[in-house]
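> Show me the folded form of this:
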Amino acid sequence: MSSARRLEAFTEAKPVAQEDAQRAGVYGLLAALLREPPSEEMFAVLQGLDAGDGGDAMAQAWALLRLAAQHGDIASTDDEYHALFIGVVNGELLPYASWYLTGFLMERPLSELRDDLVRLGFAREEGVGEPEDHAAALCEVMSLLAMDADGDLKQQAAFFERHMAPWIERFFGDLETAQNAVFYRAVGRLGNAFMALERRYLDVVA
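Numbers count the residues shown, from 1 in each chain. Below is the predicted model of the structure:
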């Protein structure tokens, strides 16, 4: 479940630029994989990924994710997800902005994020226990912002710079090298490659 939802309904969906639809898709995929272990349907999608024939970091990351899905299975990846993110008390990693920026949960970065989410028209979904500064929730927000045809790229850049840039690449780097990560090493690689690309894109266009 998402930690936040957009208040306004996109009842008259407008077409978005291809690059923004692609950005939203990657953010959405990362959000889904960080929110819960992949389902059989998700594995099927990942196993059929077209990584292209480029040699850049994103192409390599897509190819690695496809390979990880082809060699993965539901049971082991579910165990892996729980070891990484849930554990008996905590998982190996704590995918929260507050933790990465202050060393504690539920700290000032979360408060600042909540203020900005309200300003942007997002509200917390009832019944969701995860704080909004979870990496999956932030990726969901960026996906929604990228898919808003009336959205402001400067607004996206400001949100990314304030709430993701200071820590998200460190998190994906930790995920890529985590002791309990097998399938999720590929997720970490994709996240790192995409965030580096996203940082450059937002710097240029905004």
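
> Quick check: buried residues in the strand or helix carrying Q70?
Using DSSP states H and E, Q70 maps to helix 57-71. By neighbour count on 16 or more other CB atoms under 10 Å, the buried set for helix 57-71 is 58, 61-66, 68-69. (Each C-beta comes from the backbone N, C-alpha and C, glycine too.)

> same deal with stretch 104-123?
107, 109-110, 113-114, 116-117, 120, 122.

> Make a markdown table from these and add secondary structure, pLDDT and distance to N192 to it.
Shown next, in a markdown table, are the buried residues of stretch 104-123 (DSSP: H, G, I helix; E, B strand; the rest coil; pLDDT from 0 to 100; distance: CB to CB, whole Å):
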| residue | secondary structure | pLDDT | distance to N192 |
| --- | --- | --- | --- |
| E107 | coil | 95 | 24 |
| P109 | helix | 96 | 20 |
| L110 | helix | 97 | 23 |
| L113 | helix | 97 | 21 |
| R114 | helix | 96 | 27 |
| D116 | helix | 96 | 24 |
| L117 | helix | 96 | 25 |
| L120 | helix | 93 | 26 |
| F122 | strand | 90 | 26 |
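
> Tabulate those in JSON lines, adding columns for distance to V204.
Output for the buried residues of stretch 104-123, formatted as JSON lines (distance: CB to CB, whole Å):
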{"residue": "E107", "distance to V204": "32"}
{"residue": "P109", "distance to V204": "26"}
{"residue": "L110", "distance to V204": "30"}
{"residue": "L113", "distance to V204": "25"}
{"residue": "R114", "distance to V204": "29"}
{"residue": "D116", "distance to V204": "23"}
{"residue": "L117", "distance to V204": "26"}
{"residue": "L120", "distance to V204": "22"}
{"residue": "F122", "distance to V204": "26"}
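
> tell me the phi and psi of A123?
With angles defined as degrees, to the nearest 10, A123 sits at phi -130, psi 150.

> can you give me the helices in this protein?
Secondary structure of the chain by DSSP state H: the helices cover 18-35, 40-47, 57-71, 74-85, 97-102, 108-120, 135-147, 153-163, 168-176, 183-205.

> Other residues contacting the fifth one?
Right, helix 97-102. 94, 104-110, 113, 131, 133, 135, 138, 163-164, 166-167, 170-171 (CB atoms under 8 Å, 6 or more residues apart in numbering).

> rerun that using 6 Å as the cut-off
Residues from elsewhere that reach helix 97-102 (CB atoms under 6 Å, 6 or more residues apart in numbering): 105, 107, 109-110, 133, 167.
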